[in-house]
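> Coordinates only, no sequence provided:
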């Protein structure tokens with residue numbers, strides 16, 4: 001706004017330097033000139049605002065993308081840690097179960113032998 005006022009003041013005080021003609025322009029011509037000048041200034045400012053808004057939007061998208069990537073990396077890392085912990089726990093449980101089964105086979109052997117009629121006999125019989 002200040003620049004507009006200064007531009008108007010320059011044109012008012014420096015009329016001879018602005019206009020090359022010897023005759024002074026009439027009031028309507030000056031008004032039309034100023035309207036055109038301010039319209040051009042507004043168009044330039046709008047383009048600048050659009051460009052700045054686009055830059056801000058692009059930066060925001062990049063930040064969101066970086067945040068999303070960081071979040072995905074953290075989630076993947078946490079899921080991998082959980083899977084490793086679950087696999088270690090599963091291996092431990094399998095080892096304990098395997099040892100328990102082998103110990104139970106030694107302590108209580110299965111001495112049943114199937115016969116042709118579908119019944120079982122034991123070695124003791």
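All right, it came through fine. Because the structure is predicted, anything quoted here is derived from the model rather than measured.

> Could you use CA atoms for every contact and neighbour count after this?
Noted.

> Not counting its own residues, what contacts stretch 36-49?
Under the criterion CA atoms under 8 Å, 6 or more residues apart in numbering, residues residue 4 lie in contact with stretch 36-49.

> Give me the mean pLDDT for that stretch.
Stretch 36-49 comes out with an average pLDDT of 92.

> again with stretch 8-23
If you average the pLDDT values across stretch 8-23, you get 60.

> Against residue 57, how distant is residue 49?
Here residue 49 is placed at a distance of 12 Å from residue 57 (CA to CA, to the nearest Å).

> just residue 91 next, same as before
Here the distance between residue 91 and residue 57 works out to 50 Å (CA to CA).

> just the helices in this structure please.
2-13, 15-18, 27-107 (DSSP state H).

> With distance to residue 119 added, can I get these in TSV?
Output for the helices of the chain, formatted as TSV (distance: least, CA to CA, whole Å):
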stretch	distance to residue 119
helix 2-13	108
helix 15-18	121
helix 27-107	21
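
> Including mean neighbour count, could the ones you listed go into CSV?
Conversion of the helices of the chain to CSV gives the following (neighbours: other CA atoms under 10 Å):
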stretch, mean neighbour count
helix 2-13, 11
helix 15-18, 12
helix 27-107, 12
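
> Which of these sits closest to residue 121?
Distance to residue 121, taken as CA to CA, is lowest for helix 27-107 among the helices of the chain, at 18.1 Å.

> now the closest one and helix 2-13, what's the angle there?
Calculated by axes from the mean of the first three to the mean of the last three CA atoms, to 10 degrees, helix 27-107 forms an angle of 160 degrees with helix 2-13.

> which residues does residue 120 contact?
With contact set as CA under 8 Å, 6+ apart, residue 120 has these partners: 112-114.

> Nearest residue to the middle of the chain?
The residue at the geometric middle of the chain, judged as the C-alpha nearest the mean C-alpha position with CA atoms, centre = their mean, is residue 65 (2.6 Å).

> That residue and residue 73, how far apart?
Between residue 65 and residue 73 the distance, using CA to CA, works out to 12 Å.

> Mind pulling up the pLDDT for the residue nearest to the centre of the chain?
Per-residue confidence at residue 65 stands at 80 (pLDDT).

> ok, it to residue 75 distance?
Relative to residue 75, residue 65 is positioned 15 Å away (criterion: CA to CA).
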